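Mind folding the following:
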Amino acid sequence: MGAAIETSGLTKYYGSTPGIIELDLTVAEGEVFGFIGPNGSGKSTTIRTLLNFLFPTTGSGTVLGLDIVKDSLEIRRRIGYLPGDLAMYDAMTAREFLTYFANLRSRDCSAQIDSLADRFELDLDRKIKDYSSGNRQKVGVVNAFMHEPELLILDEPTSGLDPLMQQEFQNLINEVRAEGRTVFLSSHILPEVDRVADRVGIVRQSRLIAVDSLEAFKAKAHFAVSIHFAAPVDESAFSRLDGVRSTEVRNEGTVLAITVSGALDAVIKEAANHEVVSISTRDGELEEVFLSYYSGDEDAS
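Numbers count the residues shown, from 1 in each chain. Below you'll find the model as predicted:
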């Protein structure tokens, strides 16, 4: 598979203030790539530079094999884009607004507009100025998806959407992936990325500090394991096992609470040497891993 997005040393400064620094990133065709970080970390700067709304200070990049500076108009024709700071023509109805943008692309998107509006429970014939923030966001989602682009670049796409509409959005992302199209999803809402992304990049203080599959990130998370034994057990038999970060005995030694990093195999094998009444685990979450990259003052490079 080719690269839908590829950058080499991509850097953008605002005067002396860094926006993104030396970004080396490859997003494969057909994947959903989550780009996560707190507000101000460089996510939106990266997107705006990829689309040549901002001119890079140094470095280079391609989108769909096209140079982000020389071929920016062609790139914008071929993608679907939802900005984080969505601006619209408030005097138009949603239908007028979406038809206007479809006409700019010389496309008849009326069927897709109606279908997406139904899915997101959007009244297309109201003035945009009368919409809530959530309904305005729905218009932005429809605008990004209606022409069925090969690449979607989405900046905080579910901002303002209620939980049901967030679920519908996730369904839509999964459908796009199944069709072999690519999604670059920038967000600080970690559960959203957790549900849909294939790979994740973490950006901190304008630098990309980690890229890996969602499964690999989760493997780095800590698991909370609680084992109820029929009789008291020796805590030290578990505390010395590889990957065990902490142990705590409760209920007169018959319940053992363990924090484990990585595989649970050693803990399960040791528990099998005793009579187990019950066992429960809580899976590691992407949020735990993400927050670990922001803890402390050390350089995360």
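
Is it correct that residue 7 falls within a strand?
Yes: according to DSSP: H, G, I helix; E, B strand; the rest coil, residue 7 belongs to a strand.

Now do the contacts for it.
Applying C-beta atoms under 8 Å, 6 or more residues apart in numbering, we find residue 7 in contact with 23-26, 50, 59-62. The way it works is simple: take the backbone N, C-alpha and C, and place the C-beta from them, glycine included.

Now tabulate the residues you listed in a markdown table and tack on neighbour count, secondary structure and distance to residue 235.
Shown next, in a markdown table, are these (neighbours: other C-beta atoms under 10 Å; DSSP: H, G, I helix; E, B strand; the rest coil; distance: C-beta to C-beta, whole Å):
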| residue | neighbour count | secondary structure | distance to residue 235 |
| --- | --- | --- | --- |
| 23 | 24 | strand | 47 |
| 24 | 13 | strand | 46 |
| 25 | 21 | strand | 45 |
| 26 | 15 | strand | 46 |
| 50 | 26 | helix | 52 |
| 59 | 18 | strand | 53 |
| 60 | 13 | strand | 56 |
| 61 | 22 | strand | 53 |
| 62 | 19 | strand | 55 |
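
nearest to residue 15, of these?
Comparing those against residue 15 with C-beta to C-beta places residue 59 closest, at 17.5 Å.

now the closest one: how far from residue 12?
Separation of residue 59 from residue 12 (C-beta to C-beta, to the nearest Å) stands at 9 Å.

got it, and residue 210?
If you go by C-beta to C-beta, the gap between residue 210 and residue 12 works out to 20 Å.

which one of these two has more residues nearby?
Of the pair residue 210 and residue 12, residue 12 is the one with more neighbours under other C-beta atoms under 10 Å, namely 22 against 18.

check which helix or strand covers the more buried one.
Per DSSP states H and E: residue 12 is located in strand 3-14.

Could you find the closest non-adjacent residue to residue 157?
If you skip the residues right next to it in sequence, residue 157 has residue 82 as its closest partner in space, 5.2 Å away by C-beta to C-beta, 6 or more residues apart in numbering.

Do I have it right that that neighbour meets residue 138?
No: here residue 82 lies out of contact with residue 138, judged by C-beta atoms under 8 Å, at a distance of 10.7 Å.
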